[in-house]
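Peer 1: Build me a structure from this.
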Amino acid sequence: MVANAGDCRAVLSRQGKAIEMSRDHKPMSSKERRRIEASGGHVFDGYLNGQLNVARALGDFHMEGMKKKKDGSDCGPLIAEPELMTTKLTEEDEFLIIGCDGVWDVFMSQNAVDFARRRLQEHNDPVMCSKELVEEALKRKSADNVTAVVVCLQPQPPPNLVAPRLRVHRSFSAEGLKDLQSYLDGLGN
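Peer 2: From the prediction side, this is the model:
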């Protein structure tokens with residue numbers, strides 16, 4: 001079970017496939033935008049009340065107009081209520097990555113699983129893998145805070161996946177070769 005409020009994300013690796021176990025709570029998502037507007041808030045330029053890039057958070061209630069509705073009552077546009085996602089774990093489940101938005105700004109969920117999987121195959125150390133994920137996010141110039149935790153669900157490293165090799169036949173058509181030759185001839189002039 002994963003409970004999430006904010007822009008952190010949890011991703012499960014199931015035989016190397018990324019399974020998102022949380023949803024980023026961004027003000028621009030249609031569900032969050034409807035909830036924000038129903039509570040008296042607004043989304044401006046992608047930001048909650050023009051100030052905050054999350055629609056749910058455990059903090060930030062000190063910001064103007066976030067805690068109370070326009071009528072002064074509690075429960076304004078920013079809430080701390082988490083969303084819950086559950087799944088039944090199987091032997092195919094390898095590890096879980098929990099990361100803040102700085103990780104997900106530079107990694108797609110599948111990219112992060114692929115990266116962590118390779119590292120765990122090398123050393124099977126979730127602490128080291130967490131550090132490597134953070135270091136890679138920083139190398140990729142993440143502009144936000146970067147924190148990651150990798151939780152191994154199996155004692156052994158993830159196995160190598162055997163994918164069937166597909167033969168791909170590539171060829172140029174006569175018209176394609178003619179166009180390419182014309183282009184190359186034009187470069188010489």
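
Peer 1: Need phi/psi at His42.
Peer 2: Dihedral angles of His42 (phi, psi; degrees, to the nearest 10) stand at phi -150, psi 160.

Peer 1: From Glu32, how far off is it?
Peer 2: Distance, His42 to Glu32, using Cβ to Cβ, to the nearest Å: 12 Å. Backbone N, C-alpha and C define where each C-beta goes, glycine included.

Peer 1: So for the two, which sits in the more crowded spot?
Peer 2: In this view His42 and Glu32 are compared by other Cβ atoms under 10 Å, and Glu32 has more residues nearby, 21 against 14.

Peer 1: Wait, a helix at that one?
Peer 2: Yes: counting by DSSP: H, G, I helix; E, B strand; the rest coil, Glu32 is found in a helix.

Peer 1: Contact partners for Arg41?
Peer 2: One correction, residue 41 is Gly, not Arg. For Gly41, the contact set (Cβ atoms under 8 Å, 6 or more residues apart in numbering) comprises 48-49, 65-66, 76-78.

Peer 1: isn't there a helix covering it?
Peer 2: No: read with three-state DSSP, Gly41 is coil and lies in no helix.
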